[in-house]
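J.: Sequence unavailable; structure follows:
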């Protein structure tokens, strides 16, 4: 699915995420959607970005790509991810944001993105659609 997500799949995931965001915390407190950057997928096939854009559309919120793509070869195994370059924020997010990731194996990317936003003064709520257990 991550190699070639269809638009239909992305829209379904976004609708499910938007429904749960409304149910859990509402949307009135948020002003932006910020996708977590991809590393193992090319920019044009970045599933977290595609889901983030679709969630933004569902919620009526603009998207800010606050973090640059993290180009990384090899495995996406959590132990390999420890070797990747640290995420950095390159664009300000001037209000509360929903941070979107596609897979939260260990939650490191969501945590890192949320911590960077918090350090810059932006409160955030992190959301991932797919999950698994880190090894």
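T.: Alright, I've got the coordinates. Bear in mind the structure is a predicted one, so any value in this text is a computation, not a measurement. Residues are numbered from 1 along each chain as shown.

J.: who touches stretch 60-70?
T.: Under the contact criterion Cβ atoms under 8 Å, 6 or more residues apart in numbering, stretch 60-70 has outside partners 27, 30-39, 43, 46, 49, 52-53, 55-56, 84-85, 87-93, 97-98, 113, 116-117. The way it works is simple: take the backbone N, C-alpha and C, and place the C-beta from them, glycine included.

J.: Just give me the longest helix of the chain.
T.: Criterion DSSP state H: the longest helix present in the chain is helix 7-24.

J.: In helices, which of the contacts of stretch 60-70 appear?
T.: 49, 52-53, 55-56, 113, 116-117.

J.: Distance to residue 70 and pLDDT for those residues - can I get that in JSON lines?
T.: JSON lines is the format used below for the ones in helices among the contacts of stretch 60-70 (distance: Cβ to Cβ, whole Å; pLDDT from 0 to 100):
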{"residue": "49", "distance to residue 70": "12", "pLDDT": "90"}
{"residue": "52", "distance to residue 70": "15", "pLDDT": "94"}
{"residue": "53", "distance to residue 70": "18", "pLDDT": "95"}
{"residue": "55", "distance to residue 70": "20", "pLDDT": "96"}
{"residue": "56", "distance to residue 70": "21", "pLDDT": "96"}
{"residue": "113", "distance to residue 70": "11", "pLDDT": "94"}
{"residue": "116", "distance to residue 70": "13", "pLDDT": "96"}
{"residue": "117", "distance to residue 70": "16", "pLDDT": "97"}
